[in-house]
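# Build me a structure from this.
(one chain, ligands or ions: 1)
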Amino acid sequence: MTSVTVEKKDGKIIHLIRPDVQSAQINHVPPSRGLIKMDAMESPYPWPAYLRGEWLEELQGVALNRYPDPESTDLKASLRQVFDIPPGLELMLGNGSDELIQIINLALKGPGRKVMAALPSCPMFQMIAAYVGMEFVGVPLRAEDFSLDMPAMLAALEKHQPAVIYLAYPNNPTGNLHAEEAIVQLAEASHGLVVVDESYLAYSGVTMMERLQRHDNLLIMRSLSKMGLAGLRLGYLVGHGKWISQIEKLRLPFNINALTQFTVEFALNYYDVFLEQVEQIRRDRIWVVENIRRLEGVEVFPSETNFVLFRVAKGRGEAMDAKLRQKGILLKNLGDSSPLLRDCLRVTIGKPSENVAFLSALTSSV
Ligand SMILES: *Cc1c(COP(=O)(O)O)cnc(C)c1O
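Numbers count the residues shown, from 1 in each chain. I've put the predicted structure just below:
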């Protein structure tokens, strides 16, 4: 046992805090006031007025004095229906899929238990591994096209025997879809779980749900954030009962609040409205990609999501980010996040007028 030094300094017992937590950096969300926000994969579209009106009307019936349904029974039933969850598979809900990652890791952690992911990917995979005290193994994607480097993945799997592998499908921040066969191969080679993160399902239209039937160490994680409900915080995990029933034990009973349960269920009754918005964003993404491609010295990568990754001239990424910000556009600068993403920026598709503003700012800055 390590002894805890209790040092009273300024009245604070600061050494009680885990050393790794003390040295951790705060995940900083950049200020966006006055800027066109194109940094966080949000939908730019609010609800149509008629929907908002009806929702506010019905919201009056939600009992805020009572705890929410700990099982989210009604919401789960609509998720199953709308997203075609096969009857033999179980469902667990999280306060965003970020919380699901945290709960999965808590259920798996232990001496020598590792988390693996292909990098660059969602930074939460690495951060949450660290939060719960698990070692993280990151395997670089192939620099040419951001596909999985299978020899390297299989070698790392063999060496580290990770308790869980997280794979975003499509991947964030690169926007591409990994080969389904490659993910299956990893699931077959792994003695641990493989979590396929389908946060961008609405945009890609591609799922590995079918594969769950035959590969019982696969889990599918999805989020409603990217299809227009980021503020509600809802993610869901689909898998075989033997896993979900165990992982569920670590879910705090009331993690999905009453307003979220009610509102998501309401929204799913109008799923076609959200799908229309998604279709609009997909069309606009194609248009944005075509227009970035026309620019001299800018490389744009294919995307199956609601964002686009592009690379500006060598050494210019940082300055480009600053310039665009000056012109009122907030993007995500990924230059420092990975050696594979030098001078890369990520733009989330906005409303048509926002996309025009972005392209005009970019064109005048290259
Ligand atoms: C946005 C994102 C998440 C987080 O989703 P929430 O449900 O909002 O927590 C997880 N994984 C990937 C790949 C993402 O892009």
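# any idea how far P140 is from A118?
As judged by Cβ to Cβ, to the nearest Å, P140 and A118 stand 7 Å apart. The way it works is simple: take the backbone N, C-alpha and C, and place the C-beta from them, glycine included.
# List the contacts of the top helix by length along the chain.
Using DSSP state H, we find that the single longest helix of the chain is helix 271-293. Identification of contacts with helix 271-293 by Cβ atoms under 8 Å, 6 or more residues apart in numbering yields 43-45, 47-48, 51, 82, 202-203, 227-229, 267, 298, 300, 302-303, 305-308, 310, 347, 349-350, 352, 355, 358-359, 362.
# So which of those residues sit within strands?
300, 307-308, 310, 347 (DSSP state E).
# and which of those residues is nearest the ligand?
Using Cβ to the nearest ligand atom, F307 comes nearest to the ligand of the ones in strands among the contacts of helix 271-293, at 8.7 Å.
# Burial check on the closest one, number of neighbours?
A count of neighbours around F307, defined by other Cβ atoms under 10 Å, yields 26.
# Not counting its neighbours along the chain, what's nearest it?
The spatially closest residue to F307, leaving aside those adjacent along the chain, is T348, at 4.6 Å (Cβ to Cβ, 6 or more residues apart in numbering).
# List the residues that contact that neighbour.
T348 neighbours (Cβ under 8 Å, 6+ apart): 37-42, 306-307, 332.
# sorry, back to before: buried sites along the longest helix of the chain?
Under the neighbour-count criterion of 16 or more other Cβ atoms under 10 Å, helix 271-293 has 273-274, 277-278, 280-282, 284-285, 288-289, 291-292 buried.
# Of those, just say which sits nearest to T73.
For those, the closest approach to T73 (Cβ to Cβ) belongs to F274, at 22.4 Å.
# How much space separates that closest one from I281?
Counting by Cβ to Cβ, the gap from F274 to I281 is 10 Å.
# now do N333
Distance of N333 to I281, computed by Cβ to Cβ: 22 Å.
# again, but for F125
F125 sits 25 Å away from I281, going by Cβ to Cβ.
# Would you check that F254 makes contact with S72?
No - the criterion here is Cβ atoms under 8 Å, and F254 misses it with S72 at 9.8 Å.
# These two: who's more crowded?
For F254 versus S72, the count of surrounding residues by other Cβ under 10 Å is larger for S72: 24 against 13.
# got the phi/psi numbers for the residue of the stretch 251-366 of the chain found nearest the ligand?
Of all residues in the stretch 251-366 of the chain, T305 sits closest to the ligand, at 7.9 Å by Cβ to the nearest ligand atom. Main-chain dihedrals, T305, degrees, to the nearest 10: phi -130, psi -160.
# do the one 10 residues further on as well
The phi and psi values for G315, taken as degrees, to the nearest 10, are phi 80, psi 0.
# OK, contacts around it?
Contacts for G315 (Cβ under 8 Å, 6+ apart) come out as D343.
# and I128, what element?
Using DSSP states H and E, I128 sits within helix 123-131.
# In terms of secondary structure, what does that helix contact?
helix 97-108, strand 114-119, strand 135-140 (3 or more Cβ pairs under 8 Å, 6 or more residues apart in numbering; DSSP states H and E).
# Dump those into JSON lines; add mean pLDDT, mean neighbour count and distance to Y236 as well.
Output for those, formatted as JSON lines (pLDDT from 0 to 100; neighbours: other Cβ atoms under 10 Å; distance: least, Cβ to Cβ, whole Å):
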{"stretch": "helix 97-108", "mean pLDDT": "98", "mean neighbour count": "22", "distance to Y236": "8"}
{"stretch": "strand 114-119", "mean pLDDT": "98", "mean neighbour count": "25", "distance to Y236": "20"}
{"stretch": "strand 135-140", "mean pLDDT": "98", "mean neighbour count": "17", "distance to Y236": "24"}
